[in-house]
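Peer 1: Show me the folded form of this:
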Amino acid sequence: MVLVNTLIPIFVLIGLGLFTRHIRLFDSQSIQVFNPFILNICLPPLFFWSTASVALTEILNLRFIAITLVASLLSGALVWWLAKRFWNIQHPADRMLLSLSGLNPNTIYMGVPLFTLLYGSHGTLPVIISSLTFNILFMGLGMALLDHLTQPEPTRIRTLLVRLFVKNPLFMPPLLGMLWSACGLPKPEALSGLMTLLAQATAPVALFTMGLSLYGQSVRGQLKPILLISSIKLLVHPLLALLLASLFWPLPRIWMEGVVLANALPAAAMVSVFALKYERQVSVVSSVIVISTLVSLLTLSGWMLILPYLPALRAH
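Peer 2: I've put the predicted structure just below:
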């Protein structure tokens, strides 16, 4: 029942976005309105409150972060090796973009709604920590390396840091929340009510916008790499996280569920923005995002069916 009550609403809202684009109730310009609302109005308070309302020791869950990093690096390395060994992709910038599509999950538009429906607005901390990890270490460093590999005059480190830490609306709020928590500041009830309202708006608007952005996207490029990268993202990536959490860095049940689900999310749309920016692997990366998003209805269902057995698996 949890499976039905969680995943069906998610994909119905995505489908509603697709349908309204199809009947021309909304157009591509609408995405330019909804995206800033999500990224600048809904998510920063949610990220702030999710970290401000829990102990700092819970936020700095080093085992969770280590599992996320190692599982992602292994998934990305597997895609890199396949691209070089079997797909004859020579330029490292091309291989990096493919690797990013195989390791970077859609924590914002799919992860936050999924965790909100599963655990409530106070249960989004695992996906927020995952989002910070991916945005800072993988997307931030990835952007710096892609600039270095493709630009005749690479972007200066200072410019990259400002873009990553200052202009990114999802970086400072959780850090301020950590500071709030560390200082033991009070949590006014009125502020809590505001955060709850914004959290309730985040999930449906993010999913609807995702449907709007998927409209008109088609699968282009070589089918074999697209399917393999999508499979790595949806199956291998979370499986690696599960194995690491079971065998090397045991986690409490809620955190084990969180690390598996966060890594089981489909490929992040931000990777296609990078592909367009550097004009490399655009068709393959975009197709991976479309395929992994559609197929994730099945794969997420599978992982959610497995979740109740995770503590028993870990006990062995």
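Peer 1: With the flanking residues excluded, which residue is spatially nearest to residue 291?
Peer 2: Distances taken as CB to CB, 6 or more residues apart in numbering put residue 230 closest to residue 291, at 4.6 Å, once the chain neighbours are dropped. Placement of C-beta: from N, CA and C, glycine included.
Peer 1: got it, and residue 285?
Peer 2: Distances taken as CB to CB, 6+ apart place residue 275 nearest to residue 285, at 4.2 Å, with adjacent residues excluded.
Peer 1: Residue 174: how many residues sit nearby?
Peer 2: 23 (other CB atoms under 10 Å).
Peer 1: Name the residues that touch the helix or strand harbouring it?
Peer 2: Here residue 174 sits within helix 172-183, counting by DSSP states H and E. Contact with helix 172-183 is made by 43-45, 47-56, 59, 128, 132, 165-166, as judged by CB atoms under 8 Å, 6 or more residues apart in numbering.
Peer 1: returning to that earlier point: show me the contacts for the residue nearest to residue 285.
Peer 2: Neighbours of residue 275 in contact, by CB under 8 Å, 6+ apart: 97, 281, 282, 285, 286.
Peer 1: go with 10 Å
Peer 2: Residue 275 makes contact with 94, 97-98, 100-101, 146, 281-286, 288-289 under the criterion CB atoms under 10 Å, 6 or more residues apart in numbering.
Peer 1: In three-state terms, label it for me.
Peer 2: Under DSSP: H, G, I helix; E, B strand; the rest coil, the three-state class of residue 275 is helix.
Peer 1: Contacts made by the strand or helix carrying the residue nearest to residue 291 with the rest, please.
Peer 2: Per DSSP H and E: residue 230 is located in helix 223-231. Outside helix 223-231, the residues that touch it by CB under 10 Å, 6+ apart are 75, 78-79, 82-83, 86-87, 89, 98-99, 101-103, 219-220, 222, 236-237, 266-267, 281, 283-296, 299.
Peer 1: Those, buried ones only, as a PyMOL selection?
Peer 2: A single PyMOL command selects the buried members of the contacts of helix 223-231 (16 or more other CB atoms under 10 Å):
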select buried, resi 75+78+79+82+83+87+89+98+99+101+102+103+236+237+266+267+281+284+285+286+287+288+289+290+291+292+293+295+296+299
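Peer 1: Alright, I will stop here.
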